[in-house]
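S.K.: Curious how this folds, go ahead:
(2 chains)
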Number of protein chains: 2
Amino acid sequence: MLDEKKRKITVDIYGQQYTIVGEESSSHIRIVASMVDDKMREISAMNPSLDTAKLAVLTAVNTVHDYMKLKEQINQLELELLKKRD
Amino acid sequence: MLDEKKRKITVDIYGQQYTIVGEESSSHIRIVASMVDDKMREISAMNPSLDTAKLAVLTAVNTVHDYMKLKEQINQLELELLKKRD
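M.R.: Residues are numbered from 1 along each chain as shown, chains lettered A, B, ... in the order given. Just a heads-up that it's a prediction; the model follows:
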């Protein structure tokens, strides 16, 4: 295993700069940041009156919802794999 | 299939009320909201100087990162399932 190194990357999300600290590659962090930026712009286009804080909270809500859907998909796949083992 | 009905649920996230519109059950929406609330409080505890907008953006970043990890897990499970079919 390689030594885990904390990286510090500055990204731009919805016109604001953020310093992200993590062990992931800078390209991974940039992809994550651009996904958040895209989602915020998408939600903002549908709700132009929202301020940045509310917009960001709703973006987080949206993402947690997608996360939970993936979790369900994983449970199903694991169940399918278990069945194959029988 | 049942008729899909849009639900309107008001939830409290980080001391602010949000009206969420969706086709999910109200219990699902409440769980998602409380996960966002928890994550915001967790990040806030580590970075007490962040304002709500930045806190929410970092919460979204965090969740998108977790989402991508699940995506990788799904790819691996699907690959495993494909192998079982051989």
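S.K.: element containing A:Q76?
M.R.: helix A:52-85 (DSSP states H and E).
S.K.: now that helix, how far from the centre of its chain.
M.R.: 11 Å (C-alpha atoms, centre = their mean, to the nearest Å).
S.K.: Counting by contacts, list what that helix packs against.
M.R.: Packing contacts for helix A:52-85, counted by 3 or more C-beta pairs under 8 Å, 6 or more residues apart in numbering or on different chains; DSSP states H and E, involve helix A:26-46, strand B:16-22, helix B:26-46, helix B:52-85. All C-beta atoms are positioned from the backbone trio N, CA, C, and that covers glycine.
S.K.: who touches the first one?
M.R.: Where contact means C-beta atoms under 8 Å, 6 or more residues apart in numbering or on different chains, the residues beyond helix A:26-46 that reach it are A:7, A:9, A:11-14, A:18, A:20, A:22, A:24, A:50, A:55-56, A:58-59, A:62-63, B:57, B:60-61, B:64-65, B:68.
S.K.: hmm, 6 Å instead?
M.R.: Outside helix A:26-46, the residues that touch it by C-beta atoms under 6 Å, 6 or more residues apart in numbering or on different chains are A:I9, A:V11, A:I13, A:Y14, A:I20, A:L55, A:L58, A:T59, B:A60, B:V61, B:V64, B:H65.
S.K.: Please convert the buried members of these into PyMOL selection syntax.
M.R.: Buried residues among those (16 or more other C-beta atoms under 10 Å in any protein chain shown), as a PyMOL selection:
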select buried, (chain A and resi 9+11+13+14+20+55+58+59) or (chain B and resi 60+61+64+65)
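S.K.: before we move on, the earlier item: just the buried positions in the helix holding A:Q76, please.
M.R.: A:52-68, A:70, A:73, A:77.
S.K.: returning to that earlier point: so among the contacts of helix A:26-46, where is pLDDT lowest?
M.R.: Looking at these by pLDDT, the weakest one is A:I20, with 90.
S.K.: quick one on the thing from earlier: and of the helices and strands packed on helix A:52-85, who's closest to A:L82?
M.R.: helix B:52-85 (10.9 Å; C-beta to C-beta).
S.K.: ok, back up a step: what would the contacts of helix A:26-46 look like in a markdown table with distance to B:V36?
M.R.: Listed next are those as a markdown table, based on distance: C-beta to C-beta, whole Å:
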| residue | distance to B:V36 |
| --- | --- |
| A:I9 | 23 |
| A:V11 | 21 |
| A:I13 | 17 |
| A:Y14 | 17 |
| A:I20 | 19 |
| A:L55 | 13 |
| A:L58 | 9 |
| A:T59 | 10 |
| B:A60 | 9 |
| B:V61 | 13 |
| B:V64 | 13 |
| B:H65 | 15 |
